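A.B. asks: Turn this into a model:
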Amino acid sequence: MPLEKVTELVRCQVEKLASLLAEAGGNLHHVKLHGALYNQANRDSSLAAAAIKGISNISKELKLYALPNGCLAAAGRAAGLTVCGEGFADRRYREDGSLMPRTEPGALITDVETAVSQTMQLLSNEEIKTICIHGDGAKAVAMLQAIHRAMNHLAAETSLP
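C.D. replies: Numbers count the residues shown, from 1 in each chain. This next block holds a predicted model:
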């Protein structure tokens, strides 16, 4: 697919989402690419730049959720977007910081305590500002609840004198 087409498709999708939110009385404040496009744009600087151009054509005020060390985050920063580093509670990482493909054995974290542990480790990285938990996992709600409890516990501990 030509990169101009990627730019146009991303622009159209972000524009439509912003329009739907406006009709409902809301405002779009962040954008996160999804699935294969997210993963490919994190590895391919040309694809990342094309997607970021589509987002920027709608608004440079939108925040971008992306892996902090990928091509997508770099392209977002270069375009003047605020990049919020994203961590994944329920996915394993490769040594280079990229996500392990779902097709590889062990790529998905299904154990709640492992997801909590990984999340707390991710949050120790100052670049991570948001955590993703995939809603299609069988234990997504349990993970979210356990992570919420762990974060509340950490917040209570750090607020002590």
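
A.B. asks: max-length strand in this protein?
C.D. replies: Using DSSP state E, we find that the single longest strand of the chain is strand 82-88.

A.B. asks: Now the helix-or-strand element of the chain with minimal mean pLDDT: buried residues?
C.D. replies: One helix or strand of the chain scores below all others by mean pLDDT, DSSP states H and E: helix 140-158, with a mean of 92. Across helix 140-158, burial judged by 16 or more other CB atoms under 10 Å covers 140, 143, 144, 146, 147, 150. Placement of C-beta: from N, CA and C, glycine included.

A.B. asks: for these, which one is nearest residue 84?
C.D. replies: Closest approach between the buried residues of helix 140-158 and residue 84, by CB to CB: residue 147, at 17.2 Å.

A.B. asks: can you pull the contacts of that closest one?
C.D. replies: Residues in contact with residue 147 (CB atoms under 8 Å, 6 or more residues apart in numbering) are 89, 115, 116, 119, 131, 133.

A.B. asks: can you redo these as CSV with pLDDT and secondary structure?
C.D. replies: Shown next, in CSV, are the contacts of residue 147 (pLDDT from 0 to 100; DSSP: H, G, I helix; E, B strand; the rest coil):
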residue, pLDDT, secondary structure
89, 97, coil
115, 98, helix
116, 98, helix
119, 97, helix
131, 96, strand
133, 95, coil
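
A.B. asks: Of those residues - the most surrounded one?
C.D. replies: When neighbours are counted as other CB atoms under 10 Å, the busiest of the contacts of residue 147 turns out to be residue 115, with 26 neighbours.

A.B. asks: what's in contact with stretch 15-33?
C.D. replies: By CB under 8 Å, 6+ apart, the residues outside stretch 15-33 that reach it are 10, 14, 38, 41, 51, 55, 58-59, 62-66, 72, 84, 86, 132.

A.B. asks: Kindly give a single ChimeraX line that selects the buried subset of those residues.
C.D. replies: To isolate the buried members of those in ChimeraX, using 16+ other CB under 10 Å:
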select :10,14,38,41,51,55,58,62,63,64,65,66,72,84,86
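
A.B. asks: No more questions from me, cheers.
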